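Student: okay, predicted coordinates and the sequence, questions at the end:
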Amino acid sequence: MTITKKTPKNKSRPSTKATMVAREMPVFSMSGEKVGTVSLPESLFGAPWRADLVHQVTTAMQANARQNRAHTKNRAEVSGGGKKPWKQKGTGQARHGSSRSPIWRHGGITFGPRSERDYSEKLNRKMRIGALVSVLSRKAKDGEIIFIDALTFSAPKAVMAKSMLEKLAKGAAVADLATKTKNAALLALATYDTHTMKSFGNFRNIMTEEVRNLNPVDIMTHKYLIIEKPEVAFAALSARVKSK
């Protein structure tokens, strides 16, 4: 006889349906004024939230970026200890062959950290892109993505960058964008721009990156995602999604 277990009514199963997001999002200028709207592509901002996939990808990326510097010496690498401390028999003491044994002071380390240890994990392109789209969709759903038409700095000026952030925070009605002291926003540039990156270089709460290099770890580390030139950014992201 086969017994079928029924799922309790009070326990809901995780939904696999696509996350519904607003189709139209406002686009702001550097002065914080609304200059238009942009339609969010379903392929980039309509994916379901995959917590398991995002966790697996982010932990793997952090492991791949880990620098293994801790290194201890074993008994063969510690200097000294070439001479036998005392003769094998007749002293009444325990027998020892080297003063650099791990049980001796100044001896080698047993099972200590070694620099040759490899922490890297295999990460498929399809998994990486799937996690990226899932994180983008979640950010859009939570209203933590801000679009800006263009960023133009005639020269690296931190004062202008700070003023732009304050105006954008006021225009987008996100006050903590300008007041949050750590991991406030990730600024995704359409193309590499030296003046813009140097303008935000001394901001410890802002990180600048090209949109083609966006990854789930950086996006989730910061509360807001500011995307410059949305149409260009969507084209670059769509090209990455199609290549998986």
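Tutor: Perfect, thanks for sending it.
Student: contacts only, for the residue nearest to the spatial centre of the chain.
Tutor: Centroid-nearest residue in the chain: residue 217, 1.8 Å away (criterion: Cα atoms, centre = their mean). Neighbour list for residue 217: 58, 61, 62 [criterion: Cβ atoms under 8 Å, 6 or more residues apart in numbering]. Backbone N, C-alpha and C define where each C-beta goes, glycine included.
Student: give me the element the residue of the chain most remote from its centre is part of.
Tutor: Taking Cα atoms, centre = their mean, the residue of the chain most remote from its mean C-alpha position is residue 90, at 63.4 Å. Under the criterion DSSP states H and E, no helix or strand holds residue 90.
Student: still on that earlier bit, which SS state does the residue nearest to the centre of the chain fall under?
Tutor: Per DSSP: H, G, I helix; E, B strand; the rest coil, the secondary structure class of residue 217 is helix.
Student: now do residue 59
Tutor: Using three-state DSSP, the structure places residue 59 in helix.
Student: leaving out sequence neighbours, find the closest residue to it.
Tutor: In this structure, residue 59 finds its nearest non-sequential neighbour in residue 121, 7.8 Å apart by Cβ to Cβ, 6 or more residues apart in numbering.
Student: and the gap between the one you found and residue 63?
Tutor: Distance of residue 121 to residue 63, computed by Cβ to Cβ, to the nearest Å: 5 Å.
Student: next: residue 185.
Tutor: For residue 185, the distance to residue 63 equals 26 Å [Cβ to Cβ].
Student: who's more crowded, these two?
Tutor: Between residue 185 and residue 63, counted using other Cβ atoms under 10 Å, the more crowded position is residue 185 (26 against 13).
Student: nearest residue to the more buried one other than its sequence neighbours?
Tutor: Nearest residue to residue 185, sequence neighbours excluded (Cβ to Cβ, 6+ apart): residue 224, at 4.0 Å.
Student: look up how far residue 92 lies from that neighbour.
Tutor: With Cβ to Cβ as the criterion, residue 224 and residue 92 are 73 Å apart.
Student: who's more crowded, these two?
Tutor: Shown here are residue 224 and residue 92; by other Cβ under 10 Å, residue 224 has more neighbours (24 against 5).
Student: show the pLDDT at the more buried one.
Tutor: Looking at residue 224, its pLDDT is 97.
Student: just checking, it touches residue 147?
Tutor: No: between residue 224 and residue 147 no contact is recorded; they are 11.3 Å apart, counting by Cβ atoms under 8 Å.
Student: show me where pLDDT drops low in this structure?
Tutor: Residue ranges of the chain with pLDDT under 70: 1-22, 244.
Student: spell out which residues make up each domain of it.
Tutor: The chain breaks down by automatic domain parsing into domains covering 24-66+122-242, 70-118.
Student: hang on, residue 53 packs against residue 127?
Tutor: Yes: with contacts counted by Cβ under 8 Å, residue 53 reaches residue 127, the gap being 6.5 Å.
Student: contacting residues around the residue nearest to residue 59?
Tutor: Going by Cβ under 8 Å, 6+ apart, residue 121 touches 59, 60, 63, 64.
Student: pretty sure residue 237 belongs to a helix, no?
Tutor: Yes: counting by three-state DSSP, residue 237 is found in a helix.
Student: run through the helices of this protein in chain order.
Tutor: 42-45, 51-64, 125-141, 158-171, 176-179, 194-199, 216-221, 230-242 (DSSP state H).
Student: that concludes my questions; thank you for your assistance.
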